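K.L.:
any chance you could fold what I've pasted below:
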Amino acid sequence: MNAAIFLLASRIIAYRKRVTFIVVAIIAGACALFIFSNCLVEGLTNSVLEKALGITIPHIVIENKTTIHNCSRIICTLSSIGNVKNYAPRVNVYSVMKVNGEYSLVQLWGIDFELESNILKFKENLIGNVSRLSNGSVIVGYLLAKNTNLSIGDNVTITYPNGFEKTYTVVSFLNTGFSEIDGQVVLVDINEIRSSLRVGKDVCSVIIVNLYDPLASSTFKKELHDKLKHVGLGNIKVKDWREIGRKVLELIDTERRYTGILVSAIAVVVGLSIVNVMFLVVESMKKQIGVLKSIGMTSTQVFEVFIILALIYATIGYTLGVVVSKITLDLIGTIEFSIGDVSYTIRPIYDFAVFTLGFLYVLVISTLSSGLASFKASRVKPVEVMRFG
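P.N.:
Numbering: from 1, shown residues only. Below is the predicted model:
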């Protein structure tokens, strides 16, 4: 009997071509909208995290309460751990920058240009063609340069915490899109800053690290801490990007809340459109239901016919919806936009979980709505249907 019910449902789909086309088109459109919006939301979340981790936040930061005096020993320990992709020592101090008689408090970062650019992608965010930081040159944050009316080629005087003063030439601007960096930071060669502060070459403020797998940062952090403790450097602190970038994580959580509301609203619209079309399908077949019951079909069998009908509609509509959403996302490609001074590039994320959730959502909504409508319709008496329609 199950085979007969399935055959009857198939015949209804084949016979009612126009209705089938409309129902499948609505389900496909709803499914495509659901998948499309979720893929873009995942892409936005990934873009925010990638932007932060790629420019402002290293995966791991190694620091001390004051200054690290045994930088080479820590780097040697780092080299023994397999997940390390790149690392770079840095000397950070607050200094005073003098421009045209005006003074500004700045964060002076002493960096190894090549090592640092491998981690925080400085080269991609520099204005001007600069391949290295030479003796006597600095790179100034774009917003800081804008606020102090600096141009490339101008001279600035830096006063170090120990009172030492030196004049530098601006060779480039750093434009990361994050005001915390672009409005305060000045980059200088790490050997230059060590010389000015009169400290040894094994001294640094922090060591920043990038991993092959950022999601394994917690495990790496524990492993590194244990190894440092083993070599007598237990006082050294190790932080991962989750601790360093709490503000970024808060931003991502806020973004997820708002996009969650948006996706939920889309899901409601999608669900209502499917519910409406399934109710209309059942309602338009009341006379056929009456005929089926008059020739001996039970209410349960009528109910089963419409459940199978809903499953077929949902499967065909979902398949078409996936194709439509994939083609649309591929045609759109990447989306670029800016919020304030921060630019973002969204690349859709094709997550298997989204496609699975889309299929389950369409399937559940279709069968429930069809089941509810057909349950009510299957209980009517054939005589009433034939008489009143």
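K.L.:
and the protein, what are its domain boundaries?
P.N.:
For the chain, automatic domain parsing gives the domain ranges 2-53+249-388, 58-243.
K.L.:
leaving out chain neighbours, which residue sits closest to R132?
P.N.:
With CB to CB, 6 or more residues apart in numbering as the criterion, R132 has its nearest non-adjacent residue at 5.1 Å, and that residue is F113. For glycine as for every other residue, the C-beta is placed from the backbone atoms N, C-alpha and C.
K.L.:
residues near that neighbour, how many?
P.N.:
20 (other CB atoms under 10 Å).
K.L.:
help me confirm that it comes into contact with L133.
P.N.:
Yes - the pair F113 / L133 is scored as a contact, 4.6 Å apart, by CB atoms under 8 Å.
K.L.:
what residues are shared contacts of the two?
P.N.:
Residues touching both F113 and L133 (CB atoms under 8 Å, 6 or more residues apart in numbering) are L187, D189.
K.L.:
and the longest strand along the chain, what does it pack onto?
P.N.:
The strand that spans the most residues within the chain, counting by DSSP state E, is strand 84-99. Strand 84-99 sits against helix 71-78, strand 102-111, helix 113-120, strand 155-159, helix 190-197, strand 204-211, with contacts defined as 3 or more CB pairs under 8 Å, 6 or more residues apart in numbering; DSSP states H and E.
K.L.:
hey, which of those is tucked in deepest?
P.N.:
Highest mean neighbour count of these: strand 204-211, a mean of 23 (counted as mean count of other CB atoms under 10 Å).
K.L.:
and the helices and strands packed on strand 84-99: which comes nearest I62?
P.N.:
With CB to CB as the measure, strand 204-211 is the member of those nearest I62 (4.2 Å).
K.L.:
give me the contacts around that closest one.
P.N.:
Contacts for strand 204-211 (CB under 8 Å, 6+ apart): 58-63, 67-68, 71, 74-75, 78, 83-93, 116, 118-120, 190, 217, 220.
K.L.:
what mean pLDDT would you report for the helix or strand in which L360 is found?
P.N.:
When elements are assigned from DSSP states H and E, L360 belongs to helix 352-378. Average pLDDT, helix 352-378: 83.
K.L.:
now do stretch 108-120
P.N.:
Regarding stretch 108-120, the rounded mean pLDDT is 85.
K.L.:
export that stretch as CSV, just CAs?
P.N.:
Only the C-alpha atoms of stretch 108-120 are listed here, as CSV (Å, rounded to 0.1, in the frame of the first residue of the first chain):
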residue,chain,number,x,y,z
LEU,A,108,57.1,53.3,19.3
TRP,A,109,57.4,49.8,18.0
GLY,A,110,60.9,48.5,17.4
ILE,A,111,60.5,45.7,14.8
ASP,A,112,62.4,43.4,12.5
PHE,A,113,60.7,44.5,9.3
GLU,A,114,60.9,41.2,7.5
LEU,A,115,59.9,39.0,10.4
GLU,A,116,57.1,41.3,11.5
SER,A,117,55.6,41.6,8.1
ASN,A,118,55.3,37.8,7.9
ILE,A,119,53.0,37.9,10.9
LEU,A,120,51.0,41.1,10.8
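K.L.:
now that stretch, how far from the chain's geometric center?
P.N.:
How far stretch 108-120 lies from its chain's middle: 25 Å, per CA atoms, centre = their mean, to the nearest Å.
K.L.:
likewise for stretch 179-189?
P.N.:
Going by CA atoms, centre = their mean, where stretch 179-189 is centred and where its chain is centred differ by 26 Å.
K.L.:
and I349, that one's in a helix?
P.N.:
No - counting by DSSP: H, G, I helix; E, B strand; the rest coil, I349 is not found in a helix; it is coil.
K.L.:
can you tell me the closest non-neighbouring residue to it?
P.N.:
Nearest non-adjacent residue to I349, counting by CB to CB, 6+ apart: E42, 3.8 Å away.
K.L.:
ok, the one you found to V263 distance?
P.N.:
Here the distance between E42 and V263 works out to 10 Å (CB to CB, to the nearest Å).
K.L.:
okay, those two: which has more neighbours?
P.N.:
With neighbours defined as other CB under 10 Å, E42 and V263 compare such that E42 has more, 19 against 16.
K.L.:
pass me the low-pLDDT residue ranges in the stretch 151-300 of the chain, would you?
P.N.:
Scanning the stretch 151-300 of the chain for pLDDT under 70 picks out 245-253, 255-256.
K.L.:
which residue ranges of it form strands?
P.N.:
Applying DSSP state E, counting those that start in this stretch to the stretch 151-300 of the chain gives strands spanning 155-159, 165-174, 185-189, 204-211, 237-240.
K.L.:
what pairs with the shortest one, and is each one parallel or antiparallel?
P.N.:
With DSSP bridges as the criterion, the sheet partners recorded for strand 237-240 are strand 60-68 (antiparallel).
K.L.:
mind listing what's buried in the strand it pairs with?
P.N.:
By neighbour count on 16 or more other CB atoms under 10 Å, the buried set for strand 60-68 is I60, V61, I62, E63, N64, I68.
K.L.:
identify, from those, the entry nearest to V238.
P.N.:
Among the buried residues of strand 60-68, I62 lies closest to V238 (CB to CB), at 5.5 Å.
K.L.:
list the residues that contact that closest one.
P.N.:
Counting by CB under 8 Å, 6+ apart, I62 makes contact with I68, I74, L78, V206, I207, I208, V209, L224, I236, K237, V238.
K.L.:
right, and the first one touches I75 too?
P.N.:
No - the criterion here is CB under 8 Å, and I68 misses it with I75 at 10.3 Å.
K.L.:
can you pull the residues that touch both of those two?
P.N.:
Overlap between the contact sets of I68 and I75, as judged by CB under 8 Å, 6+ apart, is given by P89, I207.
K.L.:
many thanks, we can stop here.
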